[in-house]
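Visitor: what would the 3D arrangement of this be:
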Amino acid sequence: MAAKKPALSSAEEQAAILAAGDTLALKDPSLLNTLSKGAKKAQEQPLQALSAKDRKSKIDALSDKLNKKLKFNAIRTADTILNPWALYRRPTGILQLDVLTGGGFPVGGAVQISGEASAAKTYIALMCLAATQRASGENFSGFIVSFEPFDAMYARRCGLIVALDDYSLDKLERDLNRRLSDSEIKILKTQIGSFKVIDGMTYENALDTCVDLVESNLFQVGCIDSLGVITLEGDMEKGLDESGKVAGASQLITRWVNKLVAAYRHDYELPNGRMEKNRTTLIMLQHRRIDLKATGDNAIRLLGGEALKHLKMQDIHLRKKSEMIFIPADKANAKDSWRYKRTIGLEIDAKLHKTKVSASYGGTCTLEFFNDLQADQNPNNLGIPRIGVDTCRDAFNAAITAGVITQSGSWYSLSHPELGDIRTQGASGMIEALRSDQRILEHVWFSVLKSANITGETHHPAEMGSE
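Guide: Just a heads-up that it's a prediction; the model follows:
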């Protein structure tokens with residue numbers, strides 16, 4: 001005689017129904033719907049005893065109890081968790097890159113810029129620092145953690161106004177073949193805002209210092225240049241015939257990321273009693289390495305890639321595209337024109353590989369990086385040549401893509417609210433029009449941002465100047 005099966009509880013019956021569904025549905029699909037309805041009814045029965053109002057009251061009471069136990073408001077509603085600074089951007093000073101990133105780099109978040117050697121990684125970081133400096137004036141605050149000697153002259157050439165040392169001033173006098181006046185030296189020794197350089201320490205101490213600076217919430221923009229050259233102190237003491245610890249650097253990056261995540265999650269109390277999140281934008285530069293054992297995208301390796309993906313809000317990859325060659329017009333048709341060719345810059349492709357903020361994933365743009373920008377000078381540099389992206393050419397290329405400037409054959413047209421229709425023949429004519437009148441350049445700049453749904457408040461928030 002078969003033994004009588006014990007009665008199942010409601011929870012056991014529900015589990016049996018769900019388990020049977022996977023098996024019986026394969027034999028008879030019509031049974032799946034019946035079983036699902038039974039399981040759903042069993043799940044809802046315990047909750048039907050509470051009204052929506054009572055359930056909400058109990059959830060609120062439980063949240064308050066747990067917050068008291070944890071001694072801080074860990075359980076909150078979405079409107080109190082939202083970080084308003086995540087809606088704002090740090091403009092990069094490069095219009096095409098601002099459009100690509102949805103207005104610039106996010107305030108209160110980390111950004112990774114990776115690329116091969118000489119792909120303008122440091123330049124873009126310094127440009128963002130310079131753009132923030134121009135917007136904030138003496139309220140500007142930034143830092144750079146450099147594992148190589150910091151070049152203040154290069155920073156000046158990128159537009160960042162930092163105080164030059166005596167050696168740089170001596171070199172500048174030799175380049176200009178003249179003595180600098182006292183007033184010129186005073187300008188070149190001027191530091192706008194607060195800018196700190198962290199170098200000359202071990203990699204472990206440098207990363208710890210970076211966390212402390214971000215955690216202080218005193219800096220607008222910080223840069224670490226670069227994560228790709230990190231070597232453990234212990235490995236530096238080994239001989240060339242001794243192998244280093246392969247996983248050591250990755251473990252160091254993982255611990256560093258965990259500390260940064262905690263710093264960004266921290267709430268800061270203002271003098272008026274209001275709480276806010278961290279405002280510091282951290283730009284992490286990475287050198288892309290090639291794995292000879294892999295092919296395609298898998299051949300690209302980044303130090304700490306698996307750990308950093310949980311921290312970075314944007315990931316921008318830079319790739320050198322082609323050299324920009326210049327030949328004088330009167331030599332272009334000469335048989336020996338190749339003698340007069342000279343490289344004036346590089347075309348660099350920028351691609352947005354990852355974003356956790358409002359920007360289009362996978363977007364691309366091409367930046368024209370010039371070795372010398374005689375036409376785009378800063379009078380405060382007193383003869384120090386600018387390098388990088390020409391502001392007017394950059395605005396022209398962005399406007400063509402956005403349709404702000406239209407092309408018909410060799411003619412380019414632009415409608416200005418005050419100056420009316422502007423037509424020029426050839427791209428160079430329109431670029432010169434942008435260069436000759438600041439009103440035209442500003443109109444094109446903000447028209448391009450508007451076409452990309454980037455508002456002025458997001459791109460240039462009023463709070464930036466008073467941080």
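Visitor: when you work out contacts or count neighbours from here on, use the C-alpha atoms and nothing else.
Guide: OK.
Visitor: ok, then the element right after the helix or strand where Lys171 lies?
Guide: Assessed by DSSP states H and E, Lys171 sits inside helix 166-176. The helix or strand immediately downstream of helix 166-176 is helix 182-188, counting by DSSP H and E.
Visitor: what's in contact with the helix or strand following that next one?
Guide: Using DSSP H and E, the helix or strand that follows helix 182-188 in sequence is strand 194-198. Strand 194-198 is touched from outside by Glu138, Asn139, Phe140, Ser141, Gly142, Phe143, Ile144, Val145, Ser146, Phe150, Val162, Ala206, with contacts defined as C-alpha atoms under 8 Å, 6 or more residues apart in numbering.
Visitor: next: stretch 310-320.
Guide: Outside stretch 310-320, the residues touching it (C-alpha under 8 Å, 6+ apart) are 101, 105-106, 109-116, 119-121, 257, 260-261, 346-357.
Visitor: just the ones of the residues you listed in strands?
Guide: Among these, DSSP state E puts 105-106, 110-115, 346-355 in strands.
Visitor: now which of those residues would you call buried?
Guide: Buried subset of the ones in strands among the contacts of stretch 310-320 (neighbour count, 16 or more other C-alpha atoms under 10 Å): 105-106, 110-115, 346-352, 354-355.
Visitor: so which elements touch the helix holding Lys171?
Guide: Packed against helix 166-176 by the contact rule (3 or more C-alpha pairs under 8 Å, 6 or more residues apart in numbering; DSSP states H and E) you find no helix or strand.
Visitor: which residues of the stretch 251-400 of the chain score low on pLDDT?
Guide: Low-confidence segments of the stretch 251-400 of the chain (pLDDT under 70): 270, 272-275, 289-307, 358-360, 374-383.
Visitor: and the strands in it?
Guide: Per DSSP state E, counting those that start in this stretch, the stretch 251-400 of the chain carries strands over the ranges 268-269, 275-276, 281-287, 289-290, 300-301, 312-326, 342-355, 364-373, 386-389.
Visitor: including distance to Leu252, could those strands go into JSON lines?
Guide: Output for these, formatted as JSON lines (distance: least, C-alpha to C-alpha, whole Å):
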{"stretch": "strand 268-269", "distance to Leu252": "27"}
{"stretch": "strand 275-276", "distance to Leu252": "29"}
{"stretch": "strand 281-287", "distance to Leu252": "15"}
{"stretch": "strand 289-290", "distance to Leu252": "18"}
{"stretch": "strand 300-301", "distance to Leu252": "17"}
{"stretch": "strand 312-326", "distance to Leu252": "17"}
{"stretch": "strand 342-355", "distance to Leu252": "23"}
{"stretch": "strand 364-373", "distance to Leu252": "32"}
{"stretch": "strand 386-389", "distance to Leu252": "33"}
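Visitor: which of those strands sits closest to Ala52?
Guide: Nearest to Ala52 among those is strand 275-276; the distance by C-alpha to C-alpha comes to 31.3 Å.
Visitor: that older thread, of the strands of the stretch 251-400 of the chain, which is nearest Val221?
Guide: strand 281-287 (4.7 Å).
Visitor: pairing partners for the closest one, with directions?
Guide: In the sheet, strand 281-287 lines up against strand 110-115 (parallel), strand 221-225 (parallel) (DSSP bridges).
Visitor: now the last one against strand 194-198, angle please.
Guide: Interaxial angle of strand 221-225 relative to strand 194-198 (axes from the mean of the first three to the mean of the last three C-alpha atoms, to 10 degrees): 20 degrees.
Visitor: touching strand 221-225 from outside, list them.
Guide: Contacts of strand 221-225 (C-alpha under 8 Å, 6+ apart): 122, 125, 129, 132, 141-148, 210, 214, 280-286.
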